[in-house]
Every structure is written in C-alpha cells, then in structure tokens.
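In: would you be able to build a 3D model of this:
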Amino acid sequence: MTSPQILSDFLEMVATPSHSRDERALADLFMSKLLGLGLDLEIGEDGAGGLVGGNTGNVVARWPGEPWAEPILFSAHLDRVANPGNIVAIVDEGGDRVVSDGRTILGADDASGLAAILDGLRRARDGGFPHGDVELAITVAEEVGLKGSRCLNYGRLRSRVGFVLDSSGPVGSIVNRAPTQKTVEAVIRGRSSHAGMAPEEGINAIRVAAMALSRLPEGRLSPITTSNFGVIEGGKATNIVCDLVRLRGEARSHDQGELEAYVGLVGQEFGRAALEAGATASLDWELEYEAFHVKEDERAVALASRGLKGLGLEPRTVTGGGGMDAKHFNAHGIRSVGLSTGYKFVHTEKEEQSISELVLCGRAVAEIIKAAAIR
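Out: As a prediction, the model looks like this:
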C-alpha cells in the first residue's frame, strides 16, 4: 500500500529547486519537515557552504535515544546534477512510477533518500520502540565531488556505523564497496592565427586535443576501472585558429594500480600529441575521494541486513561505481554502506522512481533503527 505522506514529501522536494552550492530552498524545506515530526531533535547547519563556495551548509541532526543503545547515522544529499530548476514530476496513475515530464531529470537522486529518512523517522516515532541516538548528515555539493561530506565536522557525530541512502536499484541492495575517483583538467595551448589568410601559422589546440583523445581508451577500461572526458571548452570564432582548449575528465577504479596506470597514460598521450603539433599540454589531477570496502561481516552490513530481513527481503551486497558520501564517512571512522532507494536511469531525463520501492525504503530505515537497539 502506498504511503501518501512519503509520496507527498518526495513530490514536494522534487519540485523544490536545488543545485550544487545552491541548496538553500531544499535545505529549509527538509529542516521544516524534520521539525514537523514533533521529535526532540537537535538540528543545526555547519559551515560547509562557505568552504565549498555555496550558500548552504550540511544539515546535521540528532534524535536522542537510549544511552545504552548504539547510535547510528543516516545520510542523503540535497543537491542534484545540472538541471534548470523547474522539475515537473508526473505520477503514473494506476502504476508504480514517478517520472519527470521528459525535459529534465526527476531528482530522485537524492530526494528519494531524503523522503525515506523522514518516513523512517516517522515510523520509528509511531512504533514507539527503543532506539539509540539517530544522527543525520544531510550533505551539500555531493554531485560535484562529495565536497559537502569532505567538509563535515565529524567531531559532532557519535555514530560509528552509517547508512547512505543514495543508490539506484531495488531496495535490498547494500553498496559495500565503491571506487577511487580522480578528476583532471587538461589545458592545451597552441597558437592563434587567421584561419583564412595564414592558417599554416597557427597551431590548432582543438586538433591536438582530438589527437590525444583518439589515442586514449575510454569508457569501461576493465571490469573495475572507467574513464570519461565530459567537458571540452575552446575556440573564439571559425576564422581564428584555436589557441587554447580546456578539457575536464575523470577516472575511477577499485584498483589503485590500474588507476595510476591510466593517469600516466593520459599524461603520455596528451604530451605526445602536443609535442607532435608544437603545442604544450598541462594536466592537473585532483583526488576527489578514495575507494572504500566494508566487509560483509562488519557491523554496518549486519545491521542493514537485519533491517532488510525484517521486511522479508533478502539482502545482497553490491559493488558501486558512483560517488557516495560513504567514502568520506568511512575515511573518518564511521563504517558506512550505501542503500538503494528504488530509482533508476539516474542522471538522465528518463529517471524514474518506483513508489512501492520508496515506501519499502522508508520502512527499511525504521527497521534498521529498531535493529540497532536490539541487545
């Protein structure tokens, strides 16, 4: 049976504009909904906004519980991938889907996580069962390199296990490992000249970039390593030989050796193409986050599994390929896994959210809260 409240929360949050470094409206809405639960919540906002160049900090909250019970952390993020801010959600009448009108993403990544956390807290409140401290870290600037969770003040958190509701697929999937990601900005400098009067005096930076990219493997490099160059900028006019091009790309891998080998290859091929053309190439790599691997016998997986089994589900650990705030939580001693919330076709105009899976995810949050307090 569909929960009207969780669906209502989801639709309202999807309709609220949110962008990386400009999550103000959605943060205010989410905090108002938290307060509306009537719990004895401690709610604050940290200074991450200023640190990441945005207008909103991470929302950090605590629902105090029994001192003898284990504290646990739930997390989701406020921002979305690039979108015009006027998302129109359509509920498939008689079906089980919410989709956009086809002009934008839906924003289930990560409004579904936010809605499920609210619903789980509501269910735990109504259930009246014992629980430990339930902490929330609702982050900003996740879609641009997990920058909000990187700047989080971890000294404010007591939990040593965490659950990040930010993964596609059916509820029951536990993301217990994810890759390291490095991003790169490559700058090619050629030489400008009039394209019609003296093209031979110019060095076309666009051509140099194309030569380098044509020699590089891209996409899925191996079962555990991927790469992509997604942005290229350069050129002023068709009658000017382009003298400057900037490219931005990324590489991800579960194996440090494979990642570093690819980083070296990128530098080699850009350098070779530039040398052949008489241009120059400079590359600036940045480590966005490290890989994590939470083993199946660790507490976070055990608690997630217990909660999911309480719903009659068969938990399954899966390997993730995307960015997730769990990476920074794990690096700061909060052993964390990702939980699927039932959306698919993420980051595209075809993105959709299963309503029944969303409801199931809210129930799973409540079951995990209950499981953490079982002696």
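In: could I get the full set of strands for the stretch 1-150 of the chain?
Out: Using DSSP state E, counting those that start in this stretch, the strands of the stretch 1-150 of the chain run over residues 42-45, 59-63, 72-77, 89-91, 97-100, 134-139.
In: and the second one, how far out from the chain middle?
Out: Offset of strand 59-63 from its chain centre (CA atoms, centre = their mean, to the nearest Å): 20 Å.
In: any chance of the strands of the stretch 1-150 of the chain in CSV, plus mean pLDDT and mean neighbour count?
Out: Heads up, the C-betas are built off the backbone N, CA and C, glycines and all. Below are the strands of the stretch 1-150 of the chain laid out as CSV (pLDDT from 0 to 100; neighbours: other CB atoms under 10 Å):
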stretch, mean pLDDT, mean neighbour count
strand 42-45, 94, 15
strand 59-63, 97, 22
strand 72-77, 98, 27
strand 89-91, 95, 17
strand 97-100, 96, 20
strand 134-139, 98, 27
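In: would you map the helices across the protein?
Out: Assigned by DSSP state H, the helices in the chain fall at 4-14, 24-35, 48-52, 108-127, 147-150, 205-215, 256-277, 299-309, 326-331, 355-372.
In: distance to Ser340 and mean neighbour count added to those, as a markdown table?
Out: Output for the helices of the chain, formatted as a markdown table (distance: least, CB to CB, whole Å; neighbours: other CB atoms under 10 Å):
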| stretch | distance to Ser340 | mean neighbour count |
| --- | --- | --- |
| helix 4-14 | 15 | 19 |
| helix 24-35 | 21 | 18 |
| helix 48-52 | 26 | 19 |
| helix 108-127 | 9 | 25 |
| helix 147-150 | 19 | 26 |
| helix 205-215 | 34 | 19 |
| helix 256-277 | 25 | 17 |
| helix 299-309 | 10 | 20 |
| helix 326-331 | 13 | 24 |
| helix 355-372 | 8 | 23 |
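In: ok, residues contacting stretch 125-132?
Out: Stretch 125-132 has contacts (CB atoms under 8 Å, 6 or more residues apart in numbering) with 37-39, 63, 65-66, 68-72, 124, 366, 369-370, 372-373.
In: mind exporting it as CSV, just the C-alpha atoms?
Out: Extracted in CSV, the C-alpha atoms of stretch 125-132 (Å, rounded to 0.1, in the frame of the first residue of the first chain):
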residue,chain,number,x,y,z
ARG,A,125,8.2,7.6,16.3
ASP,A,126,4.9,5.9,15.8
GLY,A,127,6.3,2.5,16.6
GLY,A,128,7.4,3.6,20.0
PHE,A,129,10.2,1.0,20.1
PRO,A,130,13.5,1.7,22.0
HIS,A,131,16.3,3.2,19.9
GLY,A,132,19.7,4.8,20.3
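In: domain assignment for the chain?
Out: Domain assignment for the chain by automatic domain parsing gives 4-178+291-372, 180-289.
In: picking that back up, want to try CSV for the strands of the stretch 1-150 of the chain, with distance to Leu360 as columns?
Out: CSV is the format used below for the strands of the stretch 1-150 of the chain (distance: least, CB to CB, whole Å):
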stretch, distance to Leu360
strand 42-45, 27
strand 59-63, 22
strand 72-77, 16
strand 89-91, 17
strand 97-100, 15
strand 134-139, 19
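In: below-threshold pLDDT in the chain: ranges please.
Out: Across the chain, the ranges flagged by pLDDT under 70 are 1-3.
In: returning to that earlier point: looking at the strands of the stretch 1-150 of the chain, which is nearest to Ile240?
Out: With respect to Ile240, and counting by CB to CB, the nearest of the strands of the stretch 1-150 of the chain is strand 97-100 at 39.7 Å.
In: from the contact counts, what lies against the closest one?
Out: Under the contact criterion of 3 or more CB pairs under 8 Å, 6 or more residues apart in numbering; DSSP states H and E, strand 97-100 touches helix 4-14, strand 89-91, strand 352-354.
In: what does it rub up against?
Out: By CB under 8 Å, 6+ apart, strand 97-100 touches 7, 10-11, 14, 87-92, 106-108, 349-355.
In: rerun that using 10 Å as the cut-off
Out: Residues outside strand 97-100 that contact it (CB atoms under 10 Å, 6 or more residues apart in numbering) are 7, 10-11, 14, 83, 87-92, 106-108, 111-112, 343-345, 348-356, 358.
In: make TSV out of the helices and strands packed on strand 97-100 and add distance to Asp133.
Out: Below are the helices and strands packed on strand 97-100 laid out as TSV (distance: least, CB to CB, whole Å):
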stretch	distance to Asp133
helix 4-14	23
strand 89-91	34
strand 352-354	30
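In: closest one to Gly257 among those?
Out: strand 352-354 (37.6 Å).
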